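Novice: sharing a model prediction with you, sequence too.
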Amino acid sequence: MESRFRIEDPAGAAARREAAVQRLRDETGIDEAMIEALVEGFYARVRDDVLIGPIFAARIADWAPHLAQMKLFWSSVALSTGVYQGRPMPKHLPLPIDARHFDRWLELFVETARDLCPPVAANHFIERARRIAESLELGIATANGTLLVKGERFARPTQAWTPD
Ligand code: HEM
């Protein structure tokens, strides 16, 4: 009855989870201080960016809670700590964004990770950021009535130029 024992052994499950988190910390060198520096550094660049900065500025009045949430998110994503409880998809579906915005977001993320983290850690963050960005873009496309095939990108129709 190995499997029943496991289900009824929350202390054992917690210990196994803790060991898995520790393995990820050891393998990647990622810790809370690195996540904090990455998140702070990344959103400083985002806020200054002409393409995606205004999208955040229009929606985030108080950055402290957003940054705190993003640190929990990256702890969960990079180290599987489970400390982030949110759902990113519904927050992004109403945003006026497409492939161009995701490309810029990723460009800034890659630059920041490479500047602030050793290569193994940077690659670990970047690989996960790419996967999540792709799934958010896919979700946004679907919500806008476009089914993307693998490798296809979501482009909103550009506004026609009119003289004023
Ligand atoms: C064009 C790209 C993106 C833009 C403009 C964008 C913008 C935003 C904005 C404005 C919020 C705050 C929403 C709110 O609180 O109402 C937000 C939240 C968030 N974003 Fe993004 N985002 C982008 C891409 C990404 C990507 C690629 C990831 C993950 C790798 C991500 C992860 C998150 C998370 C975890 C939250 C917090 C959700 C929560 O409150 O639980 N975003 N984003």
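Specialist: Perfect, I can see it now. Keep in mind the model is a prediction, meaning the values are calculated, not measured. Numbers count the residues shown, from 1 in each chain.
Novice: interface residues of the chain facing the ligand?
Specialist: Proximity of the chain to the ligand (Cβ under 6 Å from any ligand atom) is limited to residues 52, 55-56, 59-60, 69, 73, 86, 88, 91-92, 95, 97, 101-102, 105, 129, 132-133, 136. Glycine gets a C-beta too; all of them are placed from N, C-alpha and C.
Novice: now those: which count as buried?
Specialist: Ile52, Ile55, Gln69, Phe73, His92, Ile97, His101, Phe102, Trp105, Ala129, Ala133, Leu136 (16 or more other Cβ atoms under 10 Å).
Novice: against Phe42, how distant is Glu111?
Specialist: Per Cβ to Cβ, to the nearest Å, Glu111 is found 9 Å from Phe42.
Novice: which one's more surrounded, those two?
Specialist: Phe42 (23 against 13; other Cβ atoms under 10 Å).
Novice: does Val21 count as helix, strand or coil?
Specialist: helix (DSSP: H, G, I helix; E, B strand; the rest coil).
Novice: which ones are touching it?
Specialist: Leu79, Ser80, Thr81 (Cβ atoms under 8 Å, 6 or more residues apart in numbering).
Novice: pLDDT value on the second one, please?
Specialist: Reported pLDDT at Ser80 in the predicted model: 97.
Novice: count the residues that sit near it.
Specialist: 13.
Novice: ok, now Arg25?
Specialist: 15.
Novice: residue contacts, it?
Specialist: Applying Cβ under 8 Å, 6+ apart, the residues near Arg25 are Asp31, Leu79.
Novice: one more time with 10 Å, if that's ok
Specialist: Asp31, Glu32, Ala78, Leu79, Thr81 (Cβ atoms under 10 Å, 6 or more residues apart in numbering).
Novice: swap in Ala68?
Specialist: With Cβ under 10 Å, 6+ apart, Ala68 has these contacts: Val39.
Novice: which strand or helix spans it?
Specialist: helix 63-79 (DSSP states H and E).
Novice: mind listing what's buried along that helix?
Specialist: Across helix 63-79, burial judged by 16+ other Cβ under 10 Å covers Gln69, Met70, Lys71, Leu72, Phe73, Trp74, Ser75, Val77, Ala78, Leu79.
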